[in-house]
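J.: pasted the sequence and its predicted model underneath.
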Amino acid sequence: MLIKEFHKDVSTTASGQGTMLTGPVARLARQIASQGYIVAAPSSYHEFTGPEALAYDVPGTDAGNEWKIKKTIAAYDEDAELSVTTLSNMPTCNGRIGTTGMCLGGHLAYRCALDPRVSAGVCFFATDMHSHSLGLDKKDNSLERAKDIKGELVMIFGKSDNHVPPAGRDLIRKTLHEAGVEFSFYEIAGAQHAFIRDELSKDRYDAAITKVCFEMLLELFGRRLKTDLGEHSGEKLKIEDIC
């Protein structure tokens, strides 16, 4: 499927405005769009920099980590709300919204799923959730709000992810279970943090595993966004004790 790209300026009030999109995010967005989806890729750091992508080197990483905790949670959430609204208002949108992202974007995809309009979310190695350390003052409430999630999630981590250690992954999984969220949780053997980011500067990219994970995204999005199965009944699955 051929795709077209365009830019749309959306006014924000929480904390400035602007645009920025990194190469791996743009390429992931194009892959999803080529499957027949309308894709919005909002800028995370539009308050601090122009449209040029940050390099995957020490200065670029340091800048991103600095801005990550300078931006307020309210500003992150406003970006998500405006993105969902922008998509919903497009004449070709069917009204069903999905969200995805990697690293910081994985956490932001989760927070976007707190919006009841979001039907599906795929969060790749979401950082800072277990430590409650996203945003200004490093005190987010993402896990505390898990019960606000009405859609279905897929949470994906590498078993060798040192940014979200085993205890942190266990906390995220336990919290989602206790909140009654409908979710799948995967830990990929041998995979490091950011293993789907197709930049070789940090020697983590694994194309074979990335392909499998992209199929997980397509399965969830296809079932929850493309196929009109109606709203979830809310009934608990009856499990028979037979082999």
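T.: Everything's here; your move. Note that the structure is a prediction, hence the values are computed from the model and not measured.

J.: make it CA atoms for all contacts and neighbour counts henceforth
T.: Will do.

J.: surely R30 is within a helix?
T.: Yes - assessed by DSSP: H, G, I helix; E, B strand; the rest coil, R30 belongs to a helix.

J.: report pLDDT for it.
T.: The model reports R30 with a pLDDT of 94.

J.: low pLDDT regions in the protein?
T.: Low-confidence segments of the chain, defined by pLDDT under 70: 15-21, 51, 201, 229-232.

J.: would you map the helices across this protein?
T.: Using DSSP state H, the helices of the chain run over 23-33, 58-68, 73-88, 104-112, 166-179, 207-221.

J.: and these as JSON lines, adding distance to V154 and mean neighbour count?
T.: Shown next, in JSON lines, are the helices of the chain (distance: least, CA to CA, whole Å; neighbours: other CA atoms under 10 Å):
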{"stretch": "helix 23-33", "distance to V154": "16", "mean neighbour count": "16"}
{"stretch": "helix 58-68", "distance to V154": "23", "mean neighbour count": "14"}
{"stretch": "helix 73-88", "distance to V154": "18", "mean neighbour count": "18"}
{"stretch": "helix 104-112", "distance to V154": "10", "mean neighbour count": "24"}
{"stretch": "helix 166-179", "distance to V154": "11", "mean neighbour count": "16"}
{"stretch": "helix 207-221", "distance to V154": "8", "mean neighbour count": "15"}
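
J.: nearest to K236, out of those helices?
T.: helix 166-179 (13.8 Å; CA to CA).

J.: ok, residues contacting the closest one?
T.: Helix 166-179 has contacts (CA atoms under 8 Å, 6 or more residues apart in numbering) with M129, H130, S131, L143, A146, K147, K159, F183, F185.

J.: with distance to I3 added, can I get the helices of the chain in TSV?
T.: Formatted as TSV, those follow (distance: least, CA to CA, whole Å):
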stretch	distance to I3
helix 23-33	7
helix 58-68	29
helix 73-88	16
helix 104-112	23
helix 166-179	36
helix 207-221	17
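
J.: and those: which comes nearest S43?
T.: Closest to S43 of the helices of the chain, according to CA to CA: helix 73-88, at 8.1 Å.

J.: just how off-centre is that closest one within its chain?
T.: Mean C-alpha position of helix 73-88 versus that of the full chain (CA atoms, centre = their mean, to the nearest Å) differs by 13 Å.

J.: now do the end-to-end distance for stretch 136-153.
T.: Using CA to CA, to the nearest Å, the end-to-end distance of stretch 136-153 comes to 26 Å.

J.: now for the nearest residue in space to A113 that is not next to it in sequence, how many residues are close by?
T.: With sequence-adjacent residues excluded and distances taken as CA to CA, 6 or more residues apart in numbering, A113 is closest to I149, at 5.9 Å. Neighbourhood size, I149 [other CA atoms under 10 Å]: 25.

J.: do the one 4 residues further on as well
T.: By the other CA under 10 Å criterion, the neighbourhood of L153 contains 26 residues.

J.: ok, it - contacts?
T.: So L153 contacts A120, G121, V122, C123, V181, E182, F183, S184 (CA under 8 Å, 6+ apart).

J.: against A75, how distant is it?
T.: According to CA to CA, L153 and A75 sit 23 Å apart.

J.: do L143 as well
T.: With CA to CA as the criterion, L143 and A75 are 18 Å apart.

J.: got the contact list for the closest residue in space to C123 that isn't next to it in sequence?
T.: Nearest in space to C123, with sequence neighbours left out and distances taken as CA to CA, 6+ apart, is G106 at 4.3 Å. Under the criterion of CA under 8 Å, 6+ apart, the neighbours of G106 are T100, V122, C123, F124, F125, A126, T127.

J.: now D137, nearest residue through space, not along the chain?
T.: Nearest non-adjacent residue to D137, counting by CA to CA, 6+ apart: I69, 7.0 Å away.
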